[in-house]
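Peer 1: this is a predicted model, with the sequence first.
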Amino acid sequence: MGQSLDLFASVSPDGAWTVSQVAHRVRAVVEAGLEPLWVRGEVSGFKAWQSGHWYFALRDRSAQLRCVMFQKDNRRLPMEPQDGMQVFIFARPTVWETKGELRLTVVDLLSTEAGGLWQQAFEKAKAALAKDGLLDPARKRRLPPYPRRIAVVTSPDGAALRDIIAVTRRRWPIAELLVIPTRVQGEGAEAEICRALALLCRLEQLDVAIIGRGGGSREDLWTFNHERVARAVAALPVPVISAVGHETDVTLCDLVADMRAPTPSAAAEAATPDRADVLADLGHLGVRLARALSARTGRAAERLDRVRDRLTATVERRLERHRHELAALAGRLDALSPLRILERGYALARDGDGRVLKRVAQFPPGLRFRLRVTDGDVAARAGES
Amino acid sequence: MARARGGEGEGGEVLTFTQQLDRLEEIVRRLEAQELDLDEALKLFEEGIERLREARDRLTAAEAQVKQVLADRAGNLKVEDFDG
C-alpha cells in the first residue's frame, strides 16, 4: 500500500484505520525492526501441506511462535521434524496479515537431537531397510571374476565416470562399459537415479553394475541416502558395487549394495581383474598343459623304447643264428668247389666258347683250346695221335 | 563334429571369456589326470593351445568400449557410443 500511515495518528473514531491497514503496518514494523535470527525451541503441531510447505509452532515453557517453512527451503532437509523435537531455526519474523498472526518464516532448521535431522533420517531409513532384510550380509552376491558388460550409473560428466573408464581400460579392456547417465545431486536427483536403475534392469547379459559419484557435501551425497534409491539398488538383478563420495562417507546405497568401494576408481578395480594377472594365469595354464602332454607322451615314448629294444633283441638273435648257418653252409660249399680240385693238380679243358671238353672225340688234331689250372688259364693245342 | 574354434562353442555361439577359461582349465585337468589314450591327449592339447591363444588374443587386442544407455520417449532402450 502506497499511503504512509502513522500508527499513532488516529486518536478519534473519525480517523479510524481499516484492519488491513493496521495489519500491514504492523508487518512493516516487525520486518523492519527484527533481522532474521536463530531461535531455539520445541516443535509442536507440525503439519506438512500438500503444497509441500510445513507449518508448525515453536514453543518453550511459556510462549509459542507460529512458523512456516516453504517447500523451496524445506526440500533441502532430509526429513520432517517431529513434534517434541528440539530444534534451532533460522527465521525471518513477519506478520501473517490474513490471520493477524506473528509468524516466523523459517529458512533453515537444525535438530539438536543426537546426530541431528540428517542422522535421524538416515537411521530411520536404515531401520526400514533392515526390517525388510535388505541389509542382511547373506544377500551379498559374489562379483563375477571376468565381467563382460559393466553398467555404470553416475553423472555423465563427473570425475567418477572418467576414473571408472580409465581404470577399466587399463585393467580389463575386454569389458564393455554401459553408462546410464543421471544427475546425482540436487532437486529430483533421486527420482532420476531410480529411473536410471530401472533402465539398468532392462539391459541384457549384464555381469555387474557400479553406482556412485565423487566426493561432495553431506547434502550432495544425500541422494544416495534416500530409502527409495537404496531399495532400487537392492532390487538390481546383478551384483552391484556402490562407491559414493569418499571413504568416510557411508550411504544407505553402500549398505544395500553387494560391495562397497571407497571411491569410484576402487569400484572399477573391484569389478575387474587385472589383465596382467590373467595373462600370467594363462601362462601358468600353458605350462601345465605342456607338462601334462609331455608326461603323457613321455610314457608313450618309454613304452615305444621298450618295444623297440625287445624287437631289436629278437632280430639280432635271429640274425646271429642265420650267421652261424651261413658259415656252416659256406664251409660245405667251399669243399665242393671245383677250384679245390684244380688245387690238387687236376686241369679243366674248355674250347673257345667255354664248353668243357671231356672226351677224346672232342679233341680233333690241331684244336686250340684252353686249359684251366689252379692259378690261371693256359693256351694249348691237340697234337697228331 | 567340427572342433570348437575362434572362441566359439560347438553350437557356434561365442564363448565368454569365463567359459573359455573354464574350458581351458578342464582341458588341463583332464590331461593331468593321465587316463587318456594318446590320441585323445593330443587332441585335447591342440584344443588347449588354441584356446590359450584365443584367450591371449582377446586380452591383448581389446580396447574397452564405452556406450551410453538412454530411453527414448516411448521408453525404448537406445545404446549409443559414449564420448566422455
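Peer 2: It's in. None of the values given here were measured: they were computed from a predicted structure.

Peer 1: could you use CA atoms for every contact and neighbour count after this?
Peer 2: Noted.

Peer 1: what does chain A have sitting close to chain B?
Peer 2: Residues of chain A found near chain B (C-alpha under 8 Å from any C-alpha of the partner chain) are A:145-146, A:148, A:156-157, A:162, A:165, A:168-169, A:172-181, A:199, A:275, A:279, A:282, A:285-286, A:288-290, A:292-293, A:296-297, A:300.

Peer 1: 7 Å - rerun?
Peer 2: A:146, A:157, A:169, A:173-180, A:275, A:279, A:282, A:288-289, A:292-293, A:296 (C-alpha under 7 Å from any C-alpha of the partner chain).

Peer 1: out of these, which sit inside helices?
Peer 2: If you go by DSSP state H, these have A:169, A:275, A:279, A:282, A:288, A:289, A:292, A:293, A:296 in helices.

Peer 1: show me where chain B has helices.
Peer 2: Under DSSP H, chain B gives helices at B:17-32, B:38-61.

Peer 1: okay, these in TSV with mean neighbour count, distance to chain A and mean pLDDT next?
Peer 2: Conversion of these to TSV gives the following (neighbours: other C-alpha atoms under 10 Å in any protein chain shown; distance: least, C-alpha to the nearest C-alpha, whole Å; pLDDT from 0 to 100):
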stretch	mean neighbour count	distance to chain A	mean pLDDT
helix B:17-32	18	5	89
helix B:38-61	17	6	88
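
Peer 1: the ones you listed: which one's closest to residue A:321?
Peer 2: Residue A:321 sits nearest to helix B:38-61 of all those, at 37.4 Å, using C-alpha to C-alpha.

Peer 1: which residues of chain A score low on pLDDT?
Peer 2: A:1-11, A:114-115, A:385 (pLDDT under 70).

Peer 1: circling back to that earlier point, sort out which of the residues of chain A next to chain B are buried, if you could.
Peer 2: A:146, A:169, A:173-180, A:275, A:279, A:282, A:288-289, A:292-293, A:296 (16 or more other C-alpha atoms under 10 Å in any protein chain shown).

Peer 1: for residue A:358, give its distance to residue A:350.
Peer 2: Applying C-alpha to C-alpha, to the nearest Å, the value for residue A:358 to residue A:350 is 9 Å.

Peer 1: what about these two, which has more around it?
Peer 2: residue A:350 (17 against 11; other C-alpha atoms under 10 Å in any protein chain shown).

Peer 1: that one and residue A:370 touch, don't they?
Peer 2: Yes. With contact defined as C-alpha atoms under 7 Å, residue A:350 counts as touching residue A:370 (5.3 Å).

Peer 1: which residue ranges form the strands in the stretch 251-385 of chain A?
Peer 2: Using DSSP state E, counting those that start in this stretch, the strands assigned to the stretch 251-385 of chain A run over residues A:259-260, A:348-350, A:368-373, A:376-381.

Peer 1: for the stretch 151-300 of chain A, just list every one of the helices.
Peer 2: Taking DSSP state H, counting those that start in this stretch as the criterion, the stretch 151-300 of chain A carries its helices at A:159-171, A:189-201, A:218-221, A:227-234, A:252-256, A:264-271, A:275-336.

Peer 1: and these as CSV, adding distance to residue B:73?
Peer 2: CSV is the format used below for the helices of the stretch 151-300 of chain A (distance: least, C-alpha to C-alpha, whole Å):
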stretch, distance to residue B:73
helix A:159-171, 25
helix A:189-201, 13
helix A:218-221, 28
helix A:227-234, 22
helix A:252-256, 28
helix A:264-271, 30
helix A:275-336, 39
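
Peer 1: which one of those has the most crowded surroundings?
Peer 2: Among those, helix A:252-256 has the highest mean neighbour count (mean count of other C-alpha atoms under 10 Å in any protein chain shown), at a mean of 26.

Peer 1: quick one: contacts of that helix?
Peer 2: A:126, A:134, A:135, A:224, A:225, A:230, A:233, A:234, A:242, A:243, A:260 (C-alpha atoms under 7 Å, 6 or more residues apart in numbering or on different chains).

Peer 1: let's see it at 6 Å
Peer 2: Helix A:252-256 has contacts (C-alpha atoms under 6 Å, 6 or more residues apart in numbering or on different chains) with A:135, A:224, A:225, A:230, A:234, A:242, A:260.

Peer 1: repeat that for stretch A:128-137.
Peer 2: With C-alpha under 6 Å, 6+ apart, stretch A:128-137 has contacts from residue A:256.

Peer 1: contacting residues for residue A:89?
Peer 2: A:38, A:39, A:108, A:109.

Peer 1: how many neighbouring residues does residue A:62 have?
Peer 2: 5.

Peer 1: let me know the distance separating residue B:64 from chain A.
Peer 2: Counting by C-alpha to the nearest C-alpha, to the nearest Å, the gap from residue B:64 to chain A is 4 Å.

Peer 1: distance of that residue from residue A:139?
Peer 2: 30 Å.

Peer 1: the two: who's more crowded?
Peer 2: residue B:64 (19 against 13).

Peer 1: quick one: that one and residue A:175 touch, right?
Peer 2: Yes. Counting by C-alpha atoms under 6 Å, residue B:64 touches residue A:175, with 5.4 Å between them.

Peer 1: what does the longest strand belonging to chain B rub up against?
Peer 2: Longest strand in chain B by number of residues (criterion: DSSP state E): strand B:65-71. Applying C-alpha under 6 Å, 6+ apart, the contact partners of strand B:65-71 are A:176, A:177, A:178, A:179, A:180, B:77, B:78, B:79, B:80, B:81, B:82.

Peer 1: now the two most distant members of the residues you listed.
Peer 2: Farthest-apart pair in the contacts of strand B:65-71 is A:176 and B:77; separation 16.6 Å (C-alpha to C-alpha).

Peer 1: now residue A:32: how far from chain B?
Peer 2: 51 Å.

Peer 1: likewise for residue A:320?
Peer 2: 36 Å.

Peer 1: just the strands in the stretch 101-250 of chain A please.
Peer 2: Under DSSP E, counting those that start in this stretch, the stretch 101-250 of chain A gives strands at A:101-111, A:149-154, A:176-181, A:208-213, A:240-244.

Peer 1: so which of these is the most packed in?
Peer 2: strand A:240-244 (a mean of 30).

Peer 1: check the offset of that strand from the chain's centre.
Peer 2: Counting by C-alpha atoms, centre = their mean, to the nearest Å, strand A:240-244 is centred 12 Å from the centre of its parent chain.

Peer 1: what do you get for stretch A:37-57?
Peer 2: That offset, for stretch A:37-57, works out to 48 Å (C-alpha atoms, centre = their mean).
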